[in-house]
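Trainee: Quick check, what structure comes out for this input:
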Amino acid sequence: MTDPATAKKPAGKPTEPWRQRLIRTLLYGRNVDRAAKARARVGFAILAFAAIYAVLAGRLVLFAVGADSHGARRAASQDAIATARPDIIDRNGAVLATDVKAPSLFAEPRRIIDKDEAIELLTATLPDLDTGEVRDRVASRKGFVWLKREITPKQQLDIHRLGIPGIGFVRENKRVYPTGSEVAHLIGLVNIDNQGIAGMEKWLDNNGLADLHRAGFATDRLQKPIELSVDLRVEHALRDELLKAKEKFHTKAASGLVSNVRTGEIVAMVSLPDFDPNDPKEAHDPDRINRLTTGVYEMGSTFKAFTLAMALDSGKSDLNSLWDARGPLHYGKFTIHDDEPKGRFISMKEVFTFSSNVGAARIALSQGVEAHKAFLRKMGQLDRLRTELPESASPILPKRWSELNTVTIAFGHGVAVAPLQAVMGIDALVNGGYLIPPTFMKRTEQEAMAIAKRVIKPETSEKMRFLMRLNAEVGTARKADVKGYYIGGKTGTAEKVINGRYAKKKVLTAFTAILPADNPKYQLLIMLDEPQSLKETYGFITSGWNAVPTGGKVIARIAPLLGIEPRFDLPPSDRLILAASRTTQ
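Mentor: A predicted model of the protein is given here:
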């Protein structure tokens, strides 16, 4: 009898474990030909891999032909976007600076087949290319090198027709200045990478634009125009008259400035000789500096306005106070004298209209050295003036301020300031007594008063307006009294220091005017450096013969542009300006 435990099972299909049956059923279902299904899957995988490799092969071909070029374009394009700059416009919307797209030439040395031929063709097409420099760049192992930035469209077309492999073009931002030299010192300029290096262009970079560049946000669409306080029409008129005066009086330089006395806005600023920021080869010429902010000068008799204002504001003197001008003032080994001595006591009004050095010196001495220093510091004349323009200079002051220094500084010798600094102080003397920091950006009167500082009494300001108008009626500013505009003004002639000594024949003449004098809105400053005597000036080189008539011509042109309507048959200054004053003449 057979043992059931050892009996063999009938031969047949092997039994499949239940786990494998479950997996097969889930994957293939029931009653499916597994072999056929596997062949179909293999065929599908082959097709998929073939498609993937075809795409990869195609991309490799594209990269072989132009991958480096595309990468270079993309990198350079990103650089161009990063250096985009906002437009700069004047107060009326006229464009002063803007970006345009310009092609730049680059090379990819690794892709150039015949480098000698490429160098020969490129230098023949662009003769200003330096052959040695191009050879060094093309011979490098870099993937991208600049050959020439900012080429013309015609040059781009000529080079494109050469068909040199590894040579390409990128459209970059290029800064252009539609007004040329008109506002050169104010706008400044940029370098080849469109980065500001002077003027308002540099101010833009210093005040956030450079950070936007680095963050990648300074794109054309994200930047609003920068609106300045300058009026291009006034700027043009001022520059035109200064060019004429420079030629007529054979001066080394000429400069001028128009400021709004109520807001501190600079409406026009010209310094000649200037330069064209579109072709800034001469921008670094030391003779072409901005004389109004970077230069410091002894301002001559225009400083007498501060001296008289100090005395009037102290209450110790009034317009009728008398000062001894019977003869020169001797101080140690120095002698102070007047150009036209009167040989008598003269009033405060006559000190101003006769521009008496002796009278001004005695007025300053009556106040004392410390009071004199304190007043000039309060008026912003002893500290470096900071504005949006990066270019500025510190005043040159005496190392030790003695009584002799007070004597000479009283009439504008012995201290040198930036002309814009002096303009700020004169503005305060005539605008009611408020010192307002100057600005090249648009500013309202409300914004100005929020930062203004009272430095003199309102009645002192009224007396200073009277004195300046009186000077245009009977004093040294008569040649600038344009009918209908009721101007006031003060002249100044400062002998220049040559080799440590004052030179009588080399002078800096200045004229500062306010208009209208009874309710000033604007101040004009004219400065001429070393004007020469003419037959019509009878050999004189003082301010009244050159700077003053130049100022009159400027006023006649700019007053209508500034919205100042002419008024005729106005009463003299004592009745119009001092009518409500407690002190009459």
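Trainee: how close does residue 349 sit to residue 480?
Mentor: Computed with C-beta to C-beta, to the nearest Å, the distance linking residue 349 and residue 480 is 19 Å. For the C-beta atoms, the positions are set from N, CA and C on the backbone; glycine is no exception.
Trainee: Please say which of the two ends up with more neighbours.
Mentor: Just comparing residue 349 and residue 480: by other C-beta atoms under 10 Å the higher neighbour count belongs to residue 480, 29 against 22.
Trainee: Could I get the contacting residues of that one?
Mentor: Taking C-beta atoms under 8 Å, 6 or more residues apart in numbering as the contact definition, residue 480 lies against 472, 487, 489, 511, 513, 548-549, 551-552, 555.
Trainee: run the last query once more with 6 Å
Mentor: Contacts of residue 480 were listed using C-beta atoms under 6 Å, 6 or more residues apart in numbering, and they are 489, 513, 548, 551-552.
Trainee: List just the nearest of those to residue 421.
Mentor: When the contacts of residue 480 are compared for distance to residue 421 (C-beta to C-beta), residue 513 wins out at 17.6 Å.
Trainee: Checking my notes, the closest one in a strand, right?
Mentor: Yes. Counting by DSSP: H, G, I helix; E, B strand; the rest coil, residue 513 is found in a strand.
Trainee: Could you check what's spatially nearest to it, not counting adjacent residues?
Mentor: Excluding the flanking residues, the one nearest residue 513 by C-beta to C-beta, 6 or more residues apart in numbering is residue 489, at 3.9 Å.
Trainee: Pull the number of nearby residues for the one you found.
Mentor: Residue neighbour count, defined by other C-beta under 10 Å, stands at 32 for residue 489.
Trainee: any residues touching the one helix or strand residue 154 maps to, and which ones?
Mentor: Taking DSSP states H and E as the criterion, residue 154 maps to helix 153-162. Helix 153-162 is contacted from outside by 103, 121, 125, 169, using C-beta under 6 Å, 6+ apart.
Trainee: Would you show me how to pick out the buried ones of those in PyMOL?
Mentor: Restricted to buried positions by 16 or more other C-beta atoms under 10 Å, the PyMOL selection for the contacts of helix 153-162 reads:
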select buried, resi 103+121+125+169
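Trainee: Of the contacts of helix 153-162, which pair is most distant in space?
Mentor: The widest separation within these, taken as C-beta to C-beta, falls between 103 and 121 and amounts to 17.3 Å.
Trainee: Please tell me how far the host helix or strand of residue 362 is from the chain's geometric centre.
Mentor: When elements are defined using DSSP H and E, residue 362 is found to belong to helix 357-367. Centroid displacement of helix 357-367 relative to its chain, using C-alpha atoms, centre = their mean, to the nearest Å, is 39 Å.
Trainee: swap in stretch 101-117?
Mentor: Taking C-alpha atoms, centre = their mean, one finds stretch 101-117 lying 37 Å from the centre of the chain it belongs to.
Trainee: What residues sit buried inside that stretch?
Mentor: Of the residues in stretch 101-117, 102-109, 111-112, 115 count as buried by neighbour count, 16+ other C-beta under 10 Å.
Trainee: swap in stretch 287-294?
Mentor: Neighbour-count burial for stretch 287-294, with 16+ other C-beta under 10 Å as criterion, is recorded at 288-294.
Trainee: ok but residue 103 is inside a strand, no?
Mentor: Yes. With the criterion set as three-state DSSP, the secondary structure at residue 103 is a strand.
Trainee: Tell me the helix or strand right after the lowest-mean-pLDDT helix or strand in the chain.
Mentor: Every helix and strand in the chain was compared by mean pLDDT, DSSP states H and E; the lowest is helix 210-215, with a mean of 50. Beyond helix 210-215 in the direction of the C-terminus, DSSP H and E gives the next helix or strand as strand 226-227.
Trainee: Give the partner strands of that following strand in its sheet and their orientations.
Mentor: Sheet neighbours of strand 226-227, with direction, are listed as strand 88-89 (parallel) (DSSP bridges).
Trainee: Show me the contact partners of the strand it pairs with.
Mentor: Counting by C-beta under 6 Å, 6+ apart, strand 88-89 makes contact with 95-97, 225-227, all of which sit outside it.
Trainee: Tell me the most packed of the residues you listed, by neighbour count.
Mentor: Result: residue 97 is most packed of the contacts of strand 88-89 (other C-beta under 10 Å), 28 neighbours.
Trainee: if I look at it, how far off is residue 451?
Mentor: Summarising the geometry, the distance separating residue 97 from residue 451, computed by C-beta to C-beta, is 27 Å.
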